[in-house]
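K.L.:
Got a predicted structure plus its sequence, pasted below:
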Protein chains: 2
Amino acid sequence: MLGTPNRNRIAERREATRREILDAAWEVAREQGLSQITLRDVAARVGMQAPSLYSHFASKNAIYDAMFAQAWTECQETILAAEERLAAEGGASKPRAALRVQARTFFDFAVSDLARHQLMNQRTIPGFEPTPEAYAPAVDTLESFKKRLRALGVRRQQDADLCVALIGGLIDAQLANDPGGSRWARLVDRAVDMLANDLGLPQDS
Amino acid sequence: MLGTPNRNRIAERREATRREILDAAWEVAREQGLSQITLRDVAARVGMQAPSLYSHFASKNAIYDAMFAQAWTECQETILAAEERLAAEGGASKPRAALRVQARTFFDFAVSDLARHQLMNQRTIPGFEPTPEAYAPAVDTLESFKKRLRALGVRRQQDADLCVALIGGLIDAQLANDPGGSRWARLVDRAVDMLANDLGLPQDS
DNA sequence: GTCTATAGTTTGATAGAC
DNA sequence: GTCTATCAAACTATAGAC
């Protein structure tokens, strides 16, 4: 009986092909711009003809949708990893250091890939709206952030909103006005401290 | 001799037609999205056929270019008017009130028109880059803002950068997560105060 | 300056053979 | 599941009559 193992192998192969297609789509997005992705271009990079993509994705927007989910999932994993690193160093009890790591990690993640940032945080593709399933990891990431804020004693909705706006503003300014540079990257720590003062967080001991 | 008056009338009529075309383009941008502007659509709204637009603009990007310059010019005029209003009320000597008016005016201007904000502050149209002439009013607006900061004793480049990022972040968060609402609009005054504290501005007397 | 006609491209998506 | 062939639609831009 080799029915089950075969099904697994086939499913794995399918999944691998999907990932190859998404990788190619990210490549195009980074080189040509997010909205400049074409099925022909993506297909060529995985050695296919454009119509073959429809065996793996129902439409072009379905590709954007998978990319959206992928980006937010990866973002959450990156933040989680940074958090665990901080905990291992014993710095998790320092509230300002904890906030600084959150901000820095998210900032670096966003700034390192303009196309990805546009897909995640701006509504730049006409007619594309993420499906609820693709949106879920984005909601999770924000909820995790708010939970961490609560652990620091920051409970009000508007406090979290202010954090989100400030870090997001630094990201957008960096990408728009000094891409590849560090003019706003340098301000992240200062911004977090300003925020921590406003939130009444104690100094780290 | 009616050569000169005729030339004036003709030039005025041309200018009026250009403005009608731009108005129509803004209309399309607000209804369908900035990148969804088509020459057919714009032309139809001014009662023309698409090719006729080429008598007034050299290309589609030339229309975006004129819109870009128009938006920033209007923005600067709006801020200037708000500033003069504050001066008339005798509040110009209060540094925090002055900063608050700047921030609030720019915030309201940006949030009131998503398409305009995208054109002014995001690079969302593939292949469009404003010409130096269209970019000039944007530079002027930023320079004026920095001059006003200097008048308040704020001189470092990074201080202005932080202001720009914070207000920009509030705008983007408002437009992206609560369009038409006021969840981040409510935070503008608080954000300015937080900033003023960080910059060491004295309390208004 | 505006029109009609159309060139010239590009694109997402479908049909059907293999 | 991938291919070839092709559709149907949309768009910017140009040519040339009026």
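P.N.:
Perfect, thanks for sending it. Numbering: from 1, shown residues only, chains lettered A, B, ... in the order given.
K.L.:
Contacts only, for the closest residue to DNA strand C within chain A.
P.N.:
Chain A approaches DNA strand C most closely through A:Pro51 (3.1 Å), counting by C-beta to the nearest atom of the strand. Where you see a C-beta, it was placed from the backbone N, CA and C, and this is true even at glycine. Residues near A:Pro51 by C-beta atoms under 8 Å, 6 or more residues apart in numbering or on different chains: none.
K.L.:
Now do the same for it: helix, strand or coil?
P.N.:
When the structure is reduced to helix, strand and coil (DSSP: H, G, I helix; E, B strand; the rest coil), A:Pro51 reads as helix.
K.L.:
Report pLDDT for A:Ala98.
P.N.:
The score at A:Ala98 is 96. That number is its pLDDT.
K.L.:
My error: substitute A:Gly181 in the last question.
P.N.:
Per-residue confidence for A:Gly181 comes out at a pLDDT of 98.
K.L.:
can you check A:Met1 too?
P.N.:
On the pLDDT scale, A:Met1 is placed at 53.
K.L.:
swap in A:Ala191?
P.N.:
pLDDT recorded at A:Ala191 is 98.
K.L.:
Where does the prediction get shaky in chain A?
P.N.:
A:1-3, A:5 (pLDDT under 70).
K.L.:
Kindly report the residues of chain A close to DNA strand C.
P.N.:
Taking C-beta under 7 Å from any atom of the strand as the criterion, the neighbours of DNA strand C within chain A are A:36-41, A:50-51, A:54, A:59-61.
K.L.:
now those in JSON lines, with secondary structure and distance to A:Thr105?
P.N.:
Below are these laid out as JSON lines (DSSP: H, G, I helix; E, B strand; the rest coil; distance: C-beta to C-beta, whole Å):
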{"residue": "A:Gln36", "secondary structure": "helix", "distance to A:Thr105": "29"}
{"residue": "A:Ile37", "secondary structure": "coil", "distance to A:Thr105": "27"}
{"residue": "A:Thr38", "secondary structure": "coil", "distance to A:Thr105": "33"}
{"residue": "A:Leu39", "secondary structure": "helix", "distance to A:Thr105": "34"}
{"residue": "A:Arg40", "secondary structure": "helix", "distance to A:Thr105": "36"}
{"residue": "A:Asp41", "secondary structure": "helix", "distance to A:Thr105": "32"}
{"residue": "A:Ala50", "secondary structure": "helix", "distance to A:Thr105": "37"}
{"residue": "A:Pro51", "secondary structure": "helix", "distance to A:Thr105": "40"}
{"residue": "A:Tyr54", "secondary structure": "helix", "distance to A:Thr105": "37"}
{"residue": "A:Ser59", "secondary structure": "coil", "distance to A:Thr105": "33"}
{"residue": "A:Lys60", "secondary structure": "helix", "distance to A:Thr105": "31"}
{"residue": "A:Asn61", "secondary structure": "helix", "distance to A:Thr105": "30"}
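K.L.:
Let me know the helix or strand that the residue of chain A found nearest chain B is in.
P.N.:
Per C-beta to the nearest C-beta, A:Gly169 is where chain A lies closest to chain B, at 2.1 Å. In this structure, A:Gly169 sits in helix A:157-177 according to DSSP states H and E.
K.L.:
how about that helix: buried residues?
P.N.:
If you call a residue buried by 16 or more other C-beta atoms under 10 Å in any protein chain shown, then helix A:157-177 has these buried ones: A:159-175, A:177.
K.L.:
again with stretch A:19-30
P.N.:
For stretch A:19-30, the neighbour count (16+ other C-beta under 10 Å) marks A:20-22, A:24-29 as buried.
K.L.:
quick one: buried residues of stretch A:123-131?
P.N.:
When burial is assessed from 16+ other C-beta under 10 Å, stretch A:123-131 yields the following buried residues: A:123-125, A:128, A:130.
K.L.:
Check stretch A:93-105 too.
P.N.:
Of the residues in stretch A:93-105, those scored as buried under the neighbour-count criterion (16+ other C-beta under 10 Å) are A:94-96, A:98-105.
K.L.:
Of those residues, which is the nearest to A:Ala185?
P.N.:
The shortest distance between A:Ala185 and any of these, using C-beta to C-beta, involves A:Arg104 and amounts to 8.9 Å.
K.L.:
dump the residue contacts of the spatially closest residue to that closest one that is not a sequence neighbour.
P.N.:
The spatially closest residue to A:Arg104, leaving aside those adjacent along the chain, is A:Val188, at 5.6 Å (C-beta to C-beta, 6 or more residues apart in numbering or on different chains). Going by C-beta under 8 Å, 6+ apart, A:Val188 touches A:100, A:103-104, A:107, A:167, A:170.
K.L.:
Does A:Val188 lie in a helix or a strand, and which?
P.N.:
helix A:188-199.
K.L.:
Kindly report the same for A:Ala29.
P.N.:
When the helices and strands are read off by DSSP H and E, the one containing A:Ala29 is helix A:3-32.
K.L.:
Contact partners for A:Ala98?
P.N.:
When the contact criterion is C-beta under 8 Å, 6+ apart, the partners of A:Ala98 are A:83, A:86, A:91-92, A:148, A:152.
K.L.:
And for A:Leu142, the neighbour number?
P.N.:
The local packing count at A:Leu142 equals 15, with neighbours defined by other C-beta atoms under 10 Å in any protein chain shown.
K.L.:
now it, what's its secondary structure?
P.N.:
Look at A:Leu142: counting by three-state DSSP, its state is helix.
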